[in-house]
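**Q** when you get a sec, could you give me coordinates for this:
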Amino acid sequence: MMKEGAAIAQLEGGSQRNAISREAEAILLIPEEAYERFGKRVSELQEALQREFYVKDPKLRLEWSREEAWFGESDYRQKMKPESAVKVIQAIALMPDGVHTMSAEMKGLVESSSNLGLLKTLGDTVYFETEVRSAVKSQRAVLMDKFEILAEVLGASCKSFEAYPEWPFNPNSKLRALFERVYEQRFGEKARIVSCHAGIECGMLIEKIEGLDAISIGPQLFDVHNPNEHLSIPSVMKTWAFLLEVLKSMK
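**A** Here you go, the predicted model:
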């Protein structure tokens, strides 16, 4: 929690609510006598986090700098009240983030999750934007309940919008069987069928069209939903050729 004399003035992080945040920053007001202790604490925290995440995030780092010119009297009045700062810290600590449940049908497949993608300070309000994903409607509802309860406990508000409908795995998909057959004929090898944890348009179409059978195909993607996202151009051409063969077989 905030130590006596310290205050939060601004918090910012992330670029899109459906992307993994790469960086975040905070503007803090630190008493002069605590300045050296603060710097030492940041260094200790960075060392601890680097030991913890040396495999998952080997480039992790914490940076801090002294911005004396920022401390004008008018800016200083914008600091959060201590009770508000405590609630913001509690929200960050308790907010559901990451994997919530794993699929019982498909080993290794995430079933539901949430991702804190955006954190921003606008005027006297701190906004959190989270993307909730689930292949099961009831689990999505559980996650939403958690956010609403947390907001109620902290005296905040919670709103949902742009919900993606679930898209459960269909073990008897005739369309998938067709794609598998054409793939083996075209490329001389069996297709590798995988399920991924993502919100895409197929679920929206299935919700609107009763009995619709759908699968999703695409090129090789890397570092999806983070600022380093990119794709393989040769795989785009392969996907295009594959799709043409499937359409010919349907005809």
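
**Q** what ranges do the strands span in the stretch 1-150 of the chain?
**A** Per DSSP state E, counting those that start in this stretch, the stretch 1-150 of the chain carries strands over the ranges 7-13, 24-29, 98-102, 110-122, 125-134.

**Q** go on, the stretch 151-251 of the chain?
**A** So, for the stretch 151-251 of the chain - with DSSP E, counting those that start in this stretch - the strands run 221-222, 230-231.

**Q** make a markdown table from the strands of the stretch 1-150 of the chain and add mean neighbour count, mean pLDDT and distance to Gln185 to it.
**A** For glycine as for every other residue, the C-beta is placed from the backbone atoms N, C-alpha and C. A markdown table is the format used below for the strands of the stretch 1-150 of the chain (neighbours: other C-beta atoms under 10 Å; pLDDT from 0 to 100; distance: least, C-beta to C-beta, whole Å):
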| stretch | mean neighbour count | mean pLDDT | distance to Gln185 |
| --- | --- | --- | --- |
| strand 7-13 | 18 | 90 | 49 |
| strand 24-29 | 14 | 90 | 49 |
| strand 98-102 | 14 | 92 | 34 |
| strand 110-122 | 19 | 91 | 32 |
| strand 125-134 | 19 | 91 | 34 |
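
**Q** between the ones you listed, which gets nearest to Ala91?
**A** strand 125-134 (6.6 Å; C-beta to C-beta).

**Q** quick one: that closest one to strand 98-102, angle?
**A** 30 degrees (axes from the mean of the first three to the mean of the last three C-alpha atoms, to 10 degrees).

**Q** can you list contacts of strand 125-134?
**A** Identification of contacts with strand 125-134 by C-beta atoms under 8 Å, 6 or more residues apart in numbering yields 11, 14, 17-18, 88, 91, 95-97, 100-101, 111-121, 140, 143-144, 147, 160, 163-164, 166, 197-199.

**Q** so it versus strand 110-122, what angle?
**A** Strand 125-134 runs at 170 degrees relative to strand 110-122, counting by the same axes, to 10 degrees.
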